[in-house]
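Participant: generate a structure from the sequence data that follows.
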Amino acid sequence: MTRAPGPLTTTPPPSPLQEVRDERFARHGLRLLLKRDDLLHPELIGNKWRKLMPNVRAARAAGHRTLLTFGGAYSSHLRATAAAGRITGLATVGVVRGDELADRPLNPSLARCAADGMRLHFVSRATYRLRDDPAQLAALRARFGDPYLVPEGGSNALAVHGCAALGRELREAADPPDVAAVAVGTGGTLAGLAAGLGPGRRALGIPVLKGAAPAERVRALQEEAFGGPRGDWWLDERFHHGGYARVPSVLREFAADFAGRHGLPGVELIYVAKLLYALTVLAEEGAFAPGTTVAAVISGVPGPETVTNPIRPTTERT
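Facilitator: Numbers count the residues shown, from 1 in each chain. Next comes the predicted model:
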């Protein structure tokens, strides 16, 4: 049954920008700020609000009643899309990579999606790789009643414009940073961040995927959103720790230590821990000149490992 569209919530105020005293930075003459996008919205955390809400508005303006998007079994993007649908009254469909998962108990991430009403559509990995193929997209539109398509990770031109607000918030802050750093998945947050920072400030992206050509993706997204390059940005691709969702013990130990040092409830492992780890290494390597203020965008919270909701969705396999 299609839900009636609910009211769109107002845009939240800028997320807090907090300085943390960390001797690993201070001994090199650096200041570290945390841009607490994890506090932006209780359910659409960080860049999820910035990327999804422009797409929700576009979907509703065009008369769509369903959002359809793509992700893996532990995708924070799927969870956020399911939550956005529940909050705004739109139905949601998640195309999940891995048809072998259809007959298994749901992991905590997919259980959360199901609890928020998302219809999970499991496909083979070969089919998933064709997620941008026009014929495959046409088949999904026909199957699910002409949904509004949101790309994997939520990165498109609308999302990039939404993330540009992140850069503007940092640029206009009372204590603006010289460098703003963010973890990179599909590239939309970095593309918007760099554009919003404006001249005189740089954006650093730390890719969490291995071999995903992130620079090409960022350039393509800026072309789509702005018609050409915007802002001063660069990437350091050394800190993926083996690839997406690879979290070796050294990273877990670092995350626990960072949270303990600075009184945080936890550090999200897939994106944020890799970003913060990279910044500590770069500080030690002298990558930032003494006197530089670096802001790390905290774009997520620890995942729903404690979710035990046993709800099983209507699952499908292709």
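
Participant: next helix or strand past the helix or strand harbouring Ile87?
Facilitator: Under the assignment given by DSSP states H and E, the secondary-structure element containing Ile87 is helix 76-88. Downstream of helix 76-88, the first helix or strand assigned by DSSP H and E is strand 91-97.

Participant: that next one versus helix 76-88: what angle between them?
Facilitator: Between strand 91-97 and helix 76-88, the angle formed by their directions is 170 degrees, by axes from the mean of the first three to the mean of the last three CA atoms, to 10 degrees.

Participant: what's in contact with strand 91-97?
Facilitator: Taking contacts as CB atoms under 8 Å, 6 or more residues apart in numbering, the residues outside strand 91-97 that touch it are 2-3, 65-73, 75, 78, 81-82, 84-86, 110, 113, 116-123, 125, 128, 131, 140, 144, 147. C-beta coordinates here come from the backbone N, C-alpha and C atoms, glycine included.

Participant: one step back: can you list the neighbours in contact with the helix holding Ile87?
Facilitator: Contacts with helix 76-88, where a contact means CB under 8 Å, 6+ apart, come from 5-9, 43-45, 48, 52-53, 56, 60, 67, 69, 71, 90-92, 94, 96, 109-110, 112-114, 116-118, 150, 152-154, 270, 300, 303-304.

Participant: just the buried ones from those residues?
Facilitator: For the contacts of helix 76-88, burial is judged from neighbour counts taken by 16 or more other CB atoms under 10 Å, and it is met by 44-45, 48, 52-53, 56, 60, 67, 69, 71, 90-92, 94, 96, 109-110, 112-114, 116-118, 150, 152-154, 270, 300, 303-304.

Participant: can you show me the strands along the stretch 201-318 of the chain?
Facilitator: Under the criterion DSSP state E, counting those that start in this stretch, strands of the stretch 201-318 of the chain are mapped to 202-207, 232-235, 293-297, 316-317.

Participant: Pro105 is nearest to which of those strands?
Facilitator: When the strands of the stretch 201-318 of the chain are compared by CB to CB, strand 316-317 sits nearest Pro105, at 15.7 Å.

Participant: quick check, Asp38 in contact with Ile298.
Facilitator: Yes - using CB atoms under 8 Å, Asp38 is in contact with Ile298, at 4.8 Å.

Participant: out of these two, which sits in the busier spot?
Facilitator: Set side by side, Asp38 and Ile298 show unequal neighbour counts under other CB atoms under 10 Å, the larger going to Ile298 at 27 against 23.
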